[in-house]
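Participant: generate coordinates for the sequence data below:
(one chain, ligands or ions: 2)
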Amino acid sequence: MNQDKLSILKTRFGYTDFRPGQTEVIDAILAGKDVLAVMPTGAGKSLCYQIPALMLEGLTVVVSPLISLMRDQVSALRAVEIPAAFLNSSLSPGEYADTLRRASGGDYRILYIAPERLRREDMRNLAEAMCISLVVIDEAHCVSQWGHDFRPSYLLMPDFIGQLPRRPITAAFTATATGKVREDIIAMLRLESPFTLITGFNRTNLYFEVQKPKDKLIALLRYLREHPNKNGIVYCATRKMVEDLCQTLQTRGFAVTRYHAGLDDWERHKNQDDFIYDRKSLMIATNAFGMGIDKSNVSFVIHYNMPKNIESYYQEAGRAGRDGEPADCILLYSPQDVRINSFLITNTQDEEAEKDPLLVEHNLELLKQMTWYATSSDCLRSRLLSYFGETASHYCGNCSNCNTQYENIDITLAVRKILSCVYRIEQMGRRFGKTMVIDVLRGGKTEKIRNAGLDRLSTYGIMADADPHRLRLIMDALVNWGYLIITGEEYPVVSLAPSYRDVIGGEKSLTMMLPREDAGLKSQPQPQKQKPEAVPAKPLPKTILIKAALNEDGESTGDLFARLKELRSRLAQEAGVPAYIVFSDASLRDMCRKRPVTGDQFLTVSGVGTAKLEKYGEVFTRLIREYGKER
Ligand code: ADP
Ligand code: ZN
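Facilitator: Ligands and ions are numbered 1, 2, ... in the order given. Got it, this is the predicted structure:
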């Protein structure tokens, strides 16, 4: 080990800091532990195994389900001078044999393999020739039939690992995994007491919206016209819809291409490349498109039809904004989507499912959750996150419901009433949970209230008309702001914190984002135990801030950005790789900000390590110098 992980991050990949979770996973692998890492798309899973691959003796084998993904990953690694290769069906027999021979000769640090190749005899020979120290399973949820992308060939994995002369460290990565899928991954891949990391699913740069348009085509066209020159994916439920929509958009002059399982291999590849290489800005596709597509500059994903579960939705929608830039995830919902999906689930062609009526039931339940998302007027992000088992704030400020169904409300008076109610109860020498306090405020006529004598309090019934759900949200906020404290041995009870006097004393006024009174939240189904969490009085409108910053940036440096992009595209073409392999948009933007004109300065740009400095430093700094002189 001649370099530590941080210096590899800097010199090879050109980044200054690890992202959340990366350090932990890398350390676990280096300590020889198995790993299960659940990290959202764009979190930076690849580096979690690529860096250990450079630090461990021997070869790292990465099992990955998609050919395009492998090709991209290998190009990206080669771009920073890390010897890597892939073995899959896109290679000719000659190339295949050659790659295998070189792998056995120790020419690569990282070898990507399609799962169905694991069965082959030649893999055994490779394992005998080379010490395989780390096996990485990418998109590990494919091993679970409870997930949404089950791939039988993933079941070959344990046998492959089992027959290696020395058991390698096994690390499984996925972006989506509910508890059940997680358990499956550990069991099916036979991970040995793995270090498990689950980073938050929240991706703050994504804006979520549900529309229920009368005419989906009109809604789509409106969006496309309002967002010209942006790359995006439109997902449809069926091949036929893909065909029709693609045709319609083509005749209207949009730069559009299509993808579904009915096209022959050649055309699928071509269309996918057209999109990835920015030759076509719009991709119309079924859900066959996208897994492992590593295109970072997708700025919207529109679902023309509702998918059949939240996992698929979040994964597909999550292909937007991988570069961290603001991006839109829009679902065009109609009740017909529910009917089509439940028909597909109950009339499945899948043999596994036919054998297992439980699976059908399970899938119908997942569809119900998806439908709740589409019809909810709660914060969409909180719906998604709580589906994945995360507690989320009840208000995110960056989804269509938060933007239209919530308003900033002065709650000073309500807060005074709540706090005095708690005060009165404490004066009686008693303490109760939130539900009871709410009941007292609303003048509930329960036995418990009468027995405790709470109906004699002066605050009894002073908020008779208030919605209990709202009162709970406000009380949660009070806990969050530290005016109330939760304690309790047997069950949680509320009591006053000393700072309550600031509010009761009448000096302070408080506001918070709450569902509008007319938003009809009360009638919404509540499928899950949600634990709403309070937000500070004036939550920052995130998107608006980000967008404003961008505009400012865009105006002053738009020109330069366009020229950097042009240069990038030329270099990418010459090298025959997608533009983002040369540099991500984020790197170009960093160049706009830093305007590096020397090699040293160029090295400070995010995504520039020594290899990229050598390859591109000269041309990019020259362009920036020239740009500076013209001004
Ligand atoms: P995932 O596989 O989790 O979807 P990737 O591994 O493709 O994500 O990483 C997404 C993007 O983030 C890539 O462009 C990658 O280079 C970048 N990235 C990864 N780690 C870091 C880091 N520590 N600092 C800055 N950028 C990073
Ligand atoms: Zn929201």
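Participant: where does the prediction get shaky in the stretch 401-550 of the chain?
Facilitator: Within the stretch 401-550 of the chain, the stretches with pLDDT under 70 are 506, 518-550.
Participant: can you give me the strands for it?
Facilitator: Listed in chain order, the strands of the stretch 401-550 of the chain (DSSP state E, counting those that start in this stretch) span residues 406-410, 484-487, 493-496, 511-515.
Participant: tell me the most buried of the ones you listed?
Facilitator: When neighbours are counted by mean count of other Cβ atoms under 10 Å, the highest per-stretch mean among those falls to strand 511-515, a mean of 22. From N, CA and C alone the C-beta is placed, and that goes for glycine too.
Participant: which strands or helices does it pack on?
Facilitator: When contacts are defined as 3 or more Cβ pairs under 8 Å, 6 or more residues apart in numbering; DSSP states H and E, strand 511-515 packs onto strand 406-410, helix 468-481.
Participant: rerun at 6 Å
Facilitator: The contact analysis (3 or more Cβ pairs under 6 Å, 6 or more residues apart in numbering; DSSP states H and E) places strand 511-515 against strand 406-410.
Participant: would the strand it packs on count as contacting ligand 2?
Facilitator: No: on the criterion Cβ under 5 Å from the ion, strand 406-410 is out of touch with ligand 2, staying 7.8 Å away.
Participant: re earlier: using JSON lines, lay out the strands of the stretch 401-550 of the chain together with distance to residue 462.
Facilitator: Shown next, in JSON lines, are the strands of the stretch 401-550 of the chain (distance: least, Cβ to Cβ, whole Å):
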{"stretch": "strand 406-410", "distance to residue 462": "17"}
{"stretch": "strand 484-487", "distance to residue 462": "17"}
{"stretch": "strand 493-496", "distance to residue 462": "17"}
{"stretch": "strand 511-515", "distance to residue 462": "19"}
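Participant: and the stretch 451-600 of the chain, which residues reach ligand 1?
Facilitator: With Cβ under 6 Å from any ligand atom as the criterion, the stretch 451-600 of the chain meets ligand 1 at residues residue 584.
Participant: go again with 8 Å.
Facilitator: Counting by Cβ under 8 Å from any ligand atom, the stretch 451-600 of the chain comes close to ligand 1 at 580, 584, 586.
Participant: so the last one touches residue 323, yeah?
Facilitator: This means residue 586. Yes: at 5.2 Å, residue 586 counts as touching residue 323 under the criterion of Cβ atoms under 6 Å.
Participant: residues in contact with the residue in the stretch 401-550 of the chain positioned nearest to ligand 2?
Facilitator: Among the residues of the stretch 401-550 of the chain, residue 402 lies nearest to ligand 2; the distance is 3.3 Å by Cβ to the ion. Under the criterion of Cβ atoms under 6 Å, 6 or more residues apart in numbering, the neighbours of residue 402 are 379, 395-396.
Participant: if we go to 10 Å?
Facilitator: Residues in contact with residue 402 (Cβ atoms under 10 Å, 6 or more residues apart in numbering) are 207-208, 378-382, 393-396, 513, 515, 539, 541.
Participant: same check, this time on residue 212
Facilitator: 219, 331-335, 374-375.
Participant: and it, how far from residue 337?
Facilitator: 10 Å (Cβ to Cβ, to the nearest Å).
Participant: just checking, residue 332 touches residue 301?
Facilitator: No: with contact taken as Cβ atoms under 10 Å, residue 332 and residue 301 are classed as non-touching, separated by 11.6 Å.
Participant: please enumerate the shared neighbours of those two.
Facilitator: Taking Cβ under 10 Å, 6+ apart as the contact criterion, the residues that touch both residue 332 and residue 301 are 234-235.
Participant: what is in contact with residue 586 and residue 323 at once?
Facilitator: Applying Cβ under 10 Å, 6+ apart, one finds that residue 586 and residue 323 are jointly contacted by 296-297, 580.
Participant: tabulate these (a markdown table), appending neighbour count and pLDDT.
Facilitator: A markdown table is the format used below for the shared contacts of residue 586 and residue 323 (neighbours: other Cβ atoms under 10 Å; pLDDT from 0 to 100):
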| residue | neighbour count | pLDDT |
| --- | --- | --- |
| 296 | 19 | 81 |
| 297 | 20 | 86 |
| 580 | 26 | 86 |
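Participant: quick one, phi/psi of residue 390?
Facilitator: phi -100, psi 140 (degrees, to the nearest 10).
Participant: likewise for residue 606?
Facilitator: The phi/psi pair for residue 606 (degrees, to the nearest 10) reads phi -60, psi 130.
Participant: what does residue 18 give?
Facilitator: Per-residue torsions, residue 18: phi -80, psi 150 (degrees, to the nearest 10).
Participant: in the stretch 351-500 of the chain, which spans are helices?
Facilitator: The residue ranges that make up the helices of the stretch 351-500 of the chain, judged by DSSP state H, counting those that start in this stretch, are 351-355, 357-375, 380-387, 400-405, 412-427, 434-441, 447-452, 468-481, 500-504.
Participant: return the most buried member of the ones you listed.
Facilitator: Greatest average neighbour count among the helices of the stretch 351-500 of the chain goes to helix 380-387 (a mean of 23), per mean count of other Cβ under 10 Å.
Participant: whichever of the contacts of residue 212 end up buried, select them in PyMOL.
Facilitator: Selection of the buried residues among the contacts of residue 212 in PyMOL, burial being defined by 16 or more other Cβ atoms under 10 Å:
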select buried, resi 219+331+332+333+334+374
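Participant: what's the closest of the contacts of residue 212 to residue 154?
Facilitator: Of all the contacts of residue 212, residue 331 has the smallest distance to residue 154: 29.2 Å, by Cβ to Cβ.
Participant: is it fair to say that closest one lies in a strand?
Facilitator: Yes: when classified by DSSP: H, G, I helix; E, B strand; the rest coil, residue 331 is found to be part of a strand.
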